[in-house]
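[1] Provided below for reference: sequence and predicted model.
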Amino acid sequence: MQQKQVRLGVNLDHVTTLRQVRGTAYPDLIQAIQISEAAGADGITMHLREDRRHIQDADVYAAREVIKSSMNLEMAATNEMQKIAIEVQPDYCCIVPERREELTTEGGLDVMAHRPRLQDLTQALQEAGILVSLFIEPNPLVIDAVADIGVPIIELHTGRYAEVSGEQLQHELNRLEDAAAHAHQLGLVVNAGHGLHLGNVRSIAQINNMNELNIGHSLIADALFNGLAQSIKDMRAAILGEPL
Ligand code: PXP
């Protein structure tokens, strides 16, 4: 049986990092969305962080107007973000843990500790017609808790996999494979992301039942030299195991 093609969600946060660092009007997020979709992105992802270090509120509203594929809004489980998401109506919301001082999202959600809040938030978003995913570590107990809450999608944190090498790399890959199999058995849709690049994406794309990979930093870094459209095409080729 032929495996379903893994979806590629293009995270455009760092287009706006470059804009915010100088307070200019460029590079233009809307243009980046249009280029990404024309180059074959299956979805556009953006993270409205509480400190607004890259994506701004106005970006999220403007993006919703132009995104033709699907919009995935990453956000912390706060009341403020809940209100914005319900107004904006992305297709998906990925709930992530957030600490102000971190460089990027470090670690997955502590689903057990925040279960009541996550349950309320998920219910409110789902009632508004938004599909919810939780960004979690590849841990079977956390996956059980997600299924229990009634969240349909998980995004497995691949940050640890991206950081290690040698034997540890195989160990992390095994953890991700086991987690994906466990989640699939429970009826959950399995996405993954964080720290993926041309050199490490293929093994993650080959995990059984992998639905979608969300990739940002390395795509934008490659875009500096090759252009955004080419970096997306190269990533698609790497996902499929085709030569670049
Ligand atoms: N998935 C989630 C939930 C994230 O928070 C991030 C980082 O914003 C990514 C995927 C993409 O990670 P990277 O920028 O390292 O590709």
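    Here it is on my side, so go on. Given the structure is predicted, the values throughout are model-derived calculations rather than measurements.
[2] what about the helices in this structure?
    Here the chain has its helices, by DSSP state H, at 13-22, 29-38, 57-66, 79-88, 115-127, 140-149, 159-163, 167-185, 201-205, 217-226, 228-240.
[3] list the buried ones in the first one?
    For helix 13-22, burial by neighbour count (16 or more other CB atoms under 10 Å) applies to 13-17, 19. Any C-beta I mention is one placed from the backbone N, CA and C, and that applies to glycine too.
[4] before we move on, what about the longest one?
    Residues of helix 167-185 classed as buried by neighbour count (16+ other CB under 10 Å): 169, 172-173, 175-177, 179-180, 182-184.
[5] and what of the second one?
    Within helix 29-38, the residues that count as buried by 16+ other CB under 10 Å are 29, 32-37.
[6] so, low pLDDT: which residues of the chain?
    1-3, 100-102, 105 (pLDDT under 70).
[7] one step back: out of the buried residues of helix 167-185, which comes closest to the ligand?
    Using CB to the nearest ligand atom, L176 comes nearest to the ligand of these, at 13.6 Å.
[8] now the closest one. Nearest residue, chain neighbours left out?
    The spatial neighbour of L176 that comes closest, neighbours along the chain excluded (CB to CB, 6 or more residues apart in numbering), is P138 at 4.9 Å.
[9] ok, the nearest residue to Q119 once chain neighbours are set aside - contacts?
    Leaving out its chain neighbours, the residue that sits closest to Q119 by CB to CB, 6+ apart is I149, at 5.0 Å. Neighbouring residues of I149 by CB atoms under 8 Å, 6 or more residues apart in numbering: 111, 115, 118-119, 122.
[10] show me what contacts the most centrally placed residue in the chain?
    The centroid of the chain falls nearest to N214 when counting by CA atoms, centre = their mean (4.0 Å). For N214, the contact set (CB under 8 Å, 6+ apart) comprises 9, 11, 45, 72, 94, 155, 191-194.
[11] ok, now H217?
    11, 14, 104, 195.
[12] now do 7 Å
    H14 (CB atoms under 7 Å, 6 or more residues apart in numbering).
[13] any idea how far it is from the ligand?
    3 Å (CB to the nearest ligand atom, to the nearest Å).
[14] same deal with Q31?
    20 Å.
[15] begin at 28 from here
    From this message on, residue numbering opens at 28, which makes the last subject Q58.
[16] what does this protein put close to the ligand?
    Neighbours of the ligand within the chain, by CB under 6 Å from any ligand atom: 38, 40, 74, 101, 121, 123, 131-132, 162, 182, 220-223, 241-245.
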